[in-house]
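Undergrad: here are the coordinates; sequence isn't available:
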Ligand code: C2E
Ligand code: CA
Ligand code: CA
């Protein structure tokens, strides 16, 4: 028991090193915007307490080992210094626990829990106070060191152990809602903090404890207090990662909370048009404004058009949400001033109650997906999940599982739609279009199941299946003989960015002995620069081996002419929506004519898609479209029928 009661040794170098680390940490902490929220406050308290601890330790060391300092400080003051140091040391576990709790957003919601939580610390404080005046728990040696009286004095360590047990419980229970990086950082923090106590006892060096506390705080400032993953520094809005984290931890604690979403119509387009400075200015203006409504002063900007605010514990109190929405609506009727510009936005608000309406992140994403369909209709009322037709979600779920098993079950089939070339009067190309026939639901449109396949990842296998089917068709049928020059195959963006795309395509082509020039991939434009960069790389490699490309769905979306002009695609497919509206209104007709002119001026060929009448076909040919595709000539059809079609029309 010597070991528990013996005074500890001090090394000034450790104290100085600790202090340096702590001041760096404190500096970083103060520069963060987060320092005023709950988590930030407890972190700040920890750092300040650790500084106090080290400072006292340092002064005490001076008293012990430096004659001059010994005289200046004196016995009385030294005793106070040691006492302060002890108190600071025993406050650390409490602050550390509160800090960890705030990371997981755990509140002590009743007095009893609050009292229980601070009890061990209160006990330690009493021990020090009482001990200081009575000498019942410890006394000061002649050299001025604090010495515990066994066993009553050492009970403070046992009190600290209670925090250790509680911390273990918290970490085991909650770290699974963190990223691996964060959860390992937290475990290291825990180990450094709490294992330092036994180390301190056995090595009798208090400096190791102090030093590890400082190290762990520095670690935290970089992982938890450094919010770049959680907060977008330029706009001050919290990220999607942060939102997912908050939702997860609160669900884990079985808390009820409400997410208020503010959807701003066409916001991403507006942002995209502005210079980065103006865009950020606008973003931070809206974020700052919305922060006023957030109890936690946090606004999430999760995708390009949605802001969200979380209301904890206000679930039963609808009025908070309703009042907020009323105020928001008023504000959004007015303009936002950025630079010299004034902008007006249409917002739609929606509320999702957790866990009643969404009990997991997946479910939240599903609900948000269904909301998306309603939001674009610009209803100005607050949308509640209960008003939604969640059957759509169920339906999407069902299709999701159908798509996942479609390949194994052999319910996918590739259809071919002939494409007419006026210059030769023949059908020299076609588009491969996928068909899915579920035994129960019947035919499901690719427009419905392809986006789902893109989300659940089956798109990669599906697109490979289509390419293989096309190659097989070419190598086993008389399509070539009847004048089919190439086949257009749709390539999803997800595919376009795969590193092994080129190898896969190459091996499929060589397996069926299909020439690269017989395949034309249809791709759509993306706005994401990161994506388009790796897409370009793949396209370039595939073009090098002789595969050609088409720009699909041209005229929809917000075509970036500069980027499109630089695209190495030889073919541009005018989307069927453009064609169809062109024959419904004068202005749309002008739009189409101008799109045709743009494509022509770039020296590219045009495919007109969705041509349904002879009149449309005639006019488009007159305008100079090189290829015509549509129900007027033929619908997409199964392989055998398609070969028959070629024989009848090209033969
Ligand atoms: P898309 O690439 O724009 O394909 C053209 C769509 O227009 C096809 O719809 C086609 O059946 C339809 N269409 C053709 N002519 C006419 C017409 O005269 N009038 C009308 N109203 N529609 C016409 P489908 O087959 O339902 O495919 C929808 C979308 O699904 C495609 O749009 C494409 O984006 C995607 N898709 C289809 N097959 C595949 C595939 O194998 N791989 C990938 N990645 N996507 C595919
Ligand atoms: Ca297409
Ligand atoms: Ca299209």
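TA: In hand now; what should we look at? As the structure is a computational prediction, the values presented were derived from the model and not from experiment. Numbers count the residues shown, from 1 in each chain. Ligands and ions are numbered 1, 2, ... in the order given.
Undergrad: hang on, isn't residue 249 packed against residue 177?
TA: Yes. Applying Cβ atoms under 8 Å as the test, residue 249 and residue 177 come out as touching, 5.0 Å apart. (C-beta placed from N, C-alpha, C; glycine too.)
Undergrad: neighbour count: the two, which is higher?
TA: Counted by other Cβ atoms under 10 Å, residue 249 and residue 177 do not tie: residue 177 has more neighbours, with 20 against 17.
Undergrad: how close does that one get to residue 612?
TA: As for residue 177, its distance to residue 612 is 53 Å (criterion: Cβ to Cβ, to the nearest Å).
Undergrad: dump the residue contacts of the closest residue in space to residue 99 that isn't next to it in sequence.
TA: Of all residues not flanking residue 99 in the chain, residue 42 sits nearest, at 4.1 Å (Cβ to Cβ, 6 or more residues apart in numbering). Neighbouring residues of residue 42 by Cβ atoms under 8 Å, 6 or more residues apart in numbering: 95, 98-99, 102.
Undergrad: ok, 10 Å please
TA: If you count contacts by Cβ atoms under 10 Å, 6 or more residues apart in numbering, residue 42 has them with 94-103.
Undergrad: and what of residue 518?
TA: 429, 470-471, 474-475, 479-480, 484-487, 509, 512, 546-548.
Undergrad: per-residue pLDDT, it?
TA: Per-residue pLDDT puts residue 518 at 97.
Undergrad: any idea how far it lies from ligand 1?
TA: According to Cβ to the nearest ligand atom, to the nearest Å, residue 518 stands 16 Å off from ligand 1.
Undergrad: same question for residue 424.
TA: Look at residue 424 and ligand 1: by Cβ to the nearest ligand atom, they are 20 Å apart.
Undergrad: which residues of the stretch 251-400 of the chain fall in helices?
TA: 267-273, 276-291, 318-333, 361-375, 391-409 (DSSP state H, counting those that start in this stretch).
Undergrad: next, the most far-flung residue of the chain relative to its centre: phi, psi?
TA: Distance from the C-alpha centroid of the chain peaks at residue 142, with 60.7 Å (Cα atoms, centre = their mean). Backbone torsions of residue 142, given as degrees, to the nearest 10, read phi -60, psi -30.
Undergrad: got the contact list for it?
TA: If you count contacts by Cβ under 10 Å, 6+ apart, residue 142 has them with residue 75.
Undergrad: from residue 78, how far off is it?
TA: Distance from residue 142 to residue 78, counting by Cβ to Cβ: 12 Å.
Undergrad: state which helix of the protein is the longest.
TA: Assignment by DSSP state H gives helix 67-103 as the longest helix of the chain.
Undergrad: helices and strands around that helix, which ones?
TA: helix 38-65, helix 111-134, strand 138-140, strand 146-148, helix 155-174, helix 180-203, helix 206-223 (3 or more Cβ pairs under 10 Å, 6 or more residues apart in numbering; DSSP states H and E).
Undergrad: I'd like to know which elements the last one is packed against.
TA: This points to helix 206-223. Helices and strands touching helix 206-223, by 3+ Cβ pairs under 10 Å, 6+ apart, are helix 12-31, helix 38-65, helix 67-103, helix 180-203.
Undergrad: tell me which of these is the most buried.
TA: Most buried of the helices and strands packed on helix 206-223 by mean neighbour count (mean count of other Cβ atoms under 10 Å) is helix 38-65; its value is a mean of 21.
Undergrad: could you give the angle of it to helix 180-203?
TA: Per axes from the mean of the first three to the mean of the last three Cα atoms, to 10 degrees, the angle that helix 38-65 makes with helix 180-203 is 30 degrees.
Undergrad: tell me how far residue 401 lies from ligand 2.
TA: According to Cβ to the ion, to the nearest Å, residue 401 stands 26 Å off from ligand 2.
Undergrad: and that residue, how far is that from ligand 3?
TA: From residue 401 across to ligand 3, the span is 27 Å (Cβ to the ion).
Undergrad: for that residue, what are its contacts?
TA: Applying Cβ under 10 Å, 6+ apart, the residues near residue 401 are 452, 456.
Undergrad: what does the chain put close to ligand 1?
TA: Residues of the chain lying near ligand 1 by Cβ under 6 Å from any ligand atom: 417, 432-434, 445-447, 450, 463, 466, 490, 492, 552-553, 576, 609-612, 629-631, 636.
Undergrad: how about 8 Å then?
TA: For the chain, the contact set with ligand 1 under Cβ under 8 Å from any ligand atom comprises 414-415, 417, 431-435, 445-447, 450, 459, 462-463, 466, 489-492, 495, 522, 524, 552-553, 573, 575-576, 580, 609-612, 629-632, 635-636.
Undergrad: list only buried entries from these.
TA: With burial judged by 16 or more other Cβ atoms under 10 Å, the buried subset of these is 414-415, 417, 431-435, 446, 450, 459, 462-463, 466, 489-492, 495, 522, 524, 552-553, 573, 575-576, 580, 609-611, 629-630, 632, 636.
Undergrad: host element of residue 633?
TA: For residue 633, there is no host helix or strand (DSSP states H and E).
Undergrad: ok, residue 414 next?
TA: Using DSSP H and E, residue 414 sits within strand 412-421.
Undergrad: what's that strand packed up against?
TA: For strand 412-421, the elements it packs on are strand 426-438, helix 446-456, helix 459-476, strand 486-490, strand 605-608, strand 627-629, helix 639-650, judged by 3+ Cβ pairs under 10 Å, 6+ apart.
Undergrad: try 7 Å
TA: Here strand 412-421 touches strand 426-438, helix 459-476, strand 627-629, helix 639-650, going by 3 or more Cβ pairs under 7 Å, 6 or more residues apart in numbering; DSSP states H and E.
Undergrad: run through who's touching that strand.
TA: The contact list for strand 412-421, computed with Cβ atoms under 7 Å, 6 or more residues apart in numbering, reads 406, 427-436, 462, 465-466, 469-470, 607, 626-629, 633-639, 642, 645.
Undergrad: repeat the analysis, applying 6 Å as the threshold.
TA: Strand 412-421 has contacts (Cβ atoms under 6 Å, 6 or more residues apart in numbering) with 406, 427-436, 466, 469, 627-629, 633-634, 636-638, 642, 645.
Undergrad: residue 402 and residue 436 touch, don't they?
TA: No. Counting by Cβ atoms under 6 Å, residue 402 stays clear of residue 436, with 7.4 Å between them.
Undergrad: follow-up on the earlier one: the strand holding residue 414 to helix 446-456, inter-axis angle?
TA: Put simply, strand 412-421 runs at 120 degrees to helix 446-456, going by the same axes, to 10 degrees.
Undergrad: is ligand 2 within reach of strand 412-421?
TA: No. If you take Cβ under 5 Å from the ion as the test, strand 412-421 misses ligand 2, and the best it gets is 9.5 Å.
Undergrad: same check on stretch 517-534?
TA: Yes. Using Cβ under 5 Å from the ion, stretch 517-534 reaches ligand 2 at residue 522.
Undergrad: give the contact list for the residue in the stretch 301-450 of the chain positioned nearest to ligand 2.
TA: Of all residues in the stretch 301-450 of the chain, residue 431 sits closest to ligand 2, at 5.7 Å by Cβ to the ion. Residues near residue 431 by Cβ under 6 Å, 6+ apart: 417, 488.
Undergrad: distance check, it against residue 630.
TA: 11 Å.
Undergrad: same thing with residue 106?
TA: 61 Å.
Undergrad: cool, residue 616 as well?
TA: Going from residue 616 to residue 630 by Cβ to Cβ gives 8 Å.
Undergrad: ok, now residue 199?
TA: The spacing between residue 199 and residue 630, counted by Cβ to Cβ, is 78 Å.
Undergrad: what of residue 328?
TA: From residue 328 across to residue 630, the span is 46 Å (Cβ to Cβ).
Undergrad: mind checking the helices of the stretch 251-400 of the chain for the one nearest to residue 193?
TA: Evaluated over these, closeness to residue 193 peaks at helix 361-375, with 30.1 Å, by Cβ to Cβ.
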